[in-house]
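Asker: I need the structure of the sequence given here:
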Amino acid sequence: MVVRLPRSSILTSLVLALGACTATNTAQLEETSVKPGINEPFLADDLKVDTYVLRFEGESREIARASGTIAAFCGLQPGTAIADVGAGTGLFEPVFSQAVGGSGKVYAVDLSDAFLGHLAARAAAEGWQNVEIVACTERSVELTASSVDVVFLCDTYHHFEYPQSTLASIRSALRPGGLLVIVDFERIEGVSSEWLLGHVRAGKEVFRAEIEEAGFRFLDEPEVPGLEENYLLRFRR
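Answerer: Residues are numbered from 1 along each chain as shown. The predicted structure is shown next:
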């Protein structure tokens with residue numbers, strides 16, 4: 001059924017909508033960084049990507065060892081569109097690309113020019129026809145509205161300097177009912193290392209509360225074989 005509003009009502013609605021958008025954008029612009037400088041190493045002109053390939057994809061990292069198992073919790077099928085936000089060196093791109101098939105799409109999203117260049121070169125070399133490289137900003141994942149079914153964040157959420165703004169952009173990018181999958185470090189006072197306590201600003205309870213406040217519904221925290229230092233949370237848009 002089509003409802004036609006009087007011209008005056010239409011103009012009023014437009015004004016209110018524009019006002020709401022302006023208020024939202026202003027709130028996002030006014031958001032202050034929750035962890036200033038955390039991404040500076042990745043933005044350096046002399047960043048050595050090969051060093052991070054070894055660090056991110058080496059067998060010493062439990063995420064790399066369990067990457068196939070982790071990916072299974074994303075519920076990927078042929079035709080799925082997934083955004084790997086904070087794709088880094090592309091650890092998950094091979095498994096994601098294969099899982100979604102030729103009819104699906106993988107958006108490899110990152111902030112670092114060096115990583116973006118590496119991802120593009122790797123996609124060409126390995127023939128990832130369904131992988132698109134996307135440069136994000138500190139406040140937005142820079143994806144089209146309602147363009148993806150799944151957003152995946154692996155050891156990335158704690159790198160969000162502006163979580164409120166970035167989560168708003170993720171929510172916009174997800175289709176209704178879309179899935180948000182987060183893997184991050186367990187941060188426990190008195191248990192976690194001093195480095196981790198200083199690097200990761202909060203534990204999963206705080207992160208979960210922030211994500212729910214941003215308009216996501218918590219689904220579950222599955223037990224993932226092979227993960228001890230990290231946890232996995234799933235949310236629905």
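Asker: what about the helices in the protein?
Answerer: Secondary structure of the chain, counting by DSSP state H: helices at 7-30, 40-43, 49-57, 62-65, 67-72, 93-100, 113-126, 163-173, 194-199, 204-213.
Asker: measure stretch 120-140 end to end?
Answerer: Its first and final residues considered, stretch 120-140 spans 20 Å by C-alpha to C-alpha, to the nearest Å.
Asker: how does this structure divide into domains?
Answerer: Domain segmentation of the chain under automatic domain parsing yields 1-30, 37-236.
Asker: make TSV out of the helices of the chain and add mean pLDDT, distance to Glu229 and mean neighbour count.
Answerer: C-betas here are computed from N, CA, C, even on glycine. As requested, the helices of the chain are exported to TSV (pLDDT from 0 to 100; distance: least, C-beta to C-beta, whole Å; neighbours: other C-beta atoms under 10 Å):
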stretch	mean pLDDT	distance to Glu229	mean neighbour count
helix 7-30	46	32	10
helix 40-43	95	20	12
helix 49-57	95	14	15
helix 62-65	96	6	16
helix 67-72	97	13	18
helix 93-100	98	20	21
helix 113-126	97	22	17
helix 163-173	98	22	22
helix 194-199	96	8	12
helix 204-213	98	12	15
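Asker: same list, these, but as TSV with distance to Pro78 please.
Answerer: Shown next, in TSV, are these (distance: least, C-beta to C-beta, whole Å):
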stretch	distance to Pro78
helix 7-30	35
helix 40-43	33
helix 49-57	26
helix 62-65	25
helix 67-72	14
helix 93-100	6
helix 113-126	19
helix 163-173	21
helix 194-199	37
helix 204-213	28
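Asker: looking at the ones you listed, which is closest to Thr80?
Answerer: Among these, the nearest to Thr80 by C-beta to C-beta is helix 93-100 (4.7 Å).
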